[in-house]
Structure formats: structure tokens, C-alpha cells
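Novice: Here's my sequence, what's the structure:
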Amino acid sequence: MTTTRVPQTERTRAMRARLLEACVEVLAERGWSGTSTTVVSQRAGVSRGAQLHHFPSKTDLVVAAVEHLAAVRRDELAAAVARLPEGEGRTRAVLGMFADHFVGPVFASALELWVAARTDPALLEAVAPFERHLGRETHRLAVELLGADESRPGVRELVQATLDLVRGLGLATTLGDDTARRGRILDQWAVTLDRELARPAPTEEHA
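Specialist: Just a heads-up that it's a prediction; the model follows:
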């Protein structure tokens with residue numbers, strides 16, 4: 001019986017992935033102050049020496065985790081988009097998809113990074129570009145899914161307000177189960193969006 005050897009590059013890639021996944025999990029569970037390279041390496045099942053070889057400091061590890069986290073969040077959204085219904089109820093489903101995106105461990109990890117980056121210049125330098133890029137991608141996706149025409153006055157702001165709303169609801173959820181209230185707010189906002197996005201564009205005479 002022969003044993004298939006896994007190439008070194010594959011083993012290295014798998015080990016880095018375990019470390020980054022573990023870093024995201026620990027951030028969500030323990031927060032920035034409770035996250036350390038030792039705790040992450042233990043969670044990932046990686047030796048301390050191997051971890052230090054790839055990520056010599058906490059900042060190095062977290063910077064890599066930021067990029068990984070952004071990719072995970074993009075993948076989560078892409079998978080959710082594929083499950084959206086067509087026709088009646090689509091707007092409410094889109095809102096629910098974005099609201100779900102802003103809860104859970106992945107968003108909690110990102111939130112911990114935002115808070116820590118406020119007083120950590122090195123972390124801010126790493127986090128800010130990814131967040132700006134992800135924000136642009138999320139806005140573009142919302143425009144596409146809602147069928148919003150941003151050439152019309154006020155529509156761009158309406159889409160941004162929608163994303164700010166669901167992000168704020170996600171923040172509220174970190175303090176306790178807010179499912180029922182969130183559902184009522186999203187129900188009403190879906191009605192508002194459908195009405196406003198379907199409103200005829202003003203003519204030059206009435207613009």
C-alpha cells in the first residue's frame with residue numbers, strides 16, 4: 001500500500017487557511033483584546049513555531065485575516081444572491097439577504113476589527129482599504145439586485161440608506177436577539193423601497 005504525499009505548497013496553503021479561519025473565529029468569540037497568536041495557533045492546531053514563521057506578530061496575522069475575511073464575506077453574499085426569488089417579494093428577500101449578511105460570526109469579526117482600528121494606526125491602514133472596496137462592491141450589488149436607476153435624483157442615496165439601515169440592524173443584534181423588530185422594520189422598508197423605486201422620474205418641467 002502506497003501513501004500519497006501532499007505537496008509542501010498544498011500543506012502550507014492548508015495550514016495558512018486554518019490559521020486565518022481560526023483568527024476570524026477567535027476575533028468573533030473573544031474580541032480584539034482576547035485574540036493572540038498563541039490562542040489562534042492552538043485553535044488552528046498549528047505549532048507555535050510554524051505560526052510565527054508565517055505570521056511573526058498579531059498584526060501580521062490579523063492583516064492577512066482581514067483579506068481572508070473580505071473574501072469570505074464576498075463568497076457569502078454570492079451564495080445568498082443565488083438563492084433569491086424572482087417576482088413578488090424580491091425586494092423583501094434582498095433586504096433579508098443583506099440583513100443576514102450583517103449578523104453572525106463573520107460580521108462580528110469585522111466589527112471587532114473596525115473598533116480596534118479606531119485607535120490602532122497600523123490596523124486601520126490594513127482594514128480601511130478592504131472595507132472601502134467591500135463597501136463599493138456591496139453598494140453595486142444592491143443597485144443591481146434592487147433594479148435601482150441611480151441616474152434618477154435621490155436613488156443612490158436611497159440605496160446607501162438601505163445598506164446603512166441593515167448594517168445598523170446588524171449592530172443592534174450584537175446586543176441581543178432583535179429578530180422580531182428587525183423583521184418588522186425590513187417589511188416596512190421593502191414597501192417604501194418598492195414605492196420609491198417605482199416612482200416615475202420627474203420631467204424637466206417638474207424637476
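Novice: Does the spatially most central residue of the chain lie in a helix or a strand, and which?
Specialist: Nearest to the mean C-alpha position of the chain, counting by CA atoms, centre = their mean, stands Arg73 at 4.2 Å. Using DSSP states H and E, Arg73 sits within helix 58-82.
Novice: name the helices or strands packed onto the very next helix or strand once past that helix?
Specialist: Downstream of helix 58-82, the first helix or strand assigned by DSSP H and E is helix 90-101. When contacts are defined as 3 or more CB pairs under 8 Å, 6 or more residues apart in numbering; DSSP states H and E, helix 90-101 packs onto helix 58-82, helix 121-146, helix 155-173, helix 179-198. From N, CA and C alone the C-beta is placed, and that goes for glycine too.
Novice: roughly how far out does helix 90-101 sit from the chain middle?
Specialist: 14 Å (CA atoms, centre = their mean, to the nearest Å).
Novice: just stretch 152-165 next, same as before
Specialist: On the basis of CA atoms, centre = their mean, stretch 152-165 sits 19 Å off its chain's mean C-alpha point.
Novice: who's in contact with that stretch?
Specialist: Contact with stretch 152-165 is made by 95, 98, 138-139, 142-143, 146, 148-150, 185, 189, 193, 196-197, 201-202, 207, as judged by CB atoms under 8 Å, 6 or more residues apart in numbering.
Novice: Quick check: buried residues in that stretch?
Specialist: Buried residues in stretch 152-165, counted by 16 or more other CB atoms under 10 Å: 155, 158-159, 162-163, 165.
Novice: sorry, back to before: tell me which residues of the helix holding Arg73 are tucked away?
Specialist: 58, 61-66, 68-70, 72-73, 76-77, 80.
Novice: Check stretch 144-154 too.
Specialist: 145-146, 148.
Novice: what's the answer for stretch 175-186, then?
Specialist: Neighbour counts over stretch 175-186 (16+ other CB under 10 Å) mark 178, 182, 185-186 as buried.
Novice: now what about it, what contacts it?
Specialist: 92, 95-96, 99, 165-166, 169, 172-173.
Novice: Pick out the most distant pair among those.
Specialist: Greatest spatial distance in those: Arg92 and Ala172, 19.0 Å, computed using CB to CB.
Novice: Have a look at these two and say which one is more surrounded.
Specialist: Arg92 (18 against 14; other CB atoms under 10 Å).
Novice: Could you tell me which residues make contact with the closest residue in space to that one that isn't next to it in sequence?
Specialist: Using CB to CB, 6 or more residues apart in numbering and skipping the chain neighbours, the partner closest in space to Arg92 is Ala190 (3.9 Å). Ala190 sits next to 91-92, 95 when contact means CB under 8 Å, 6+ apart.
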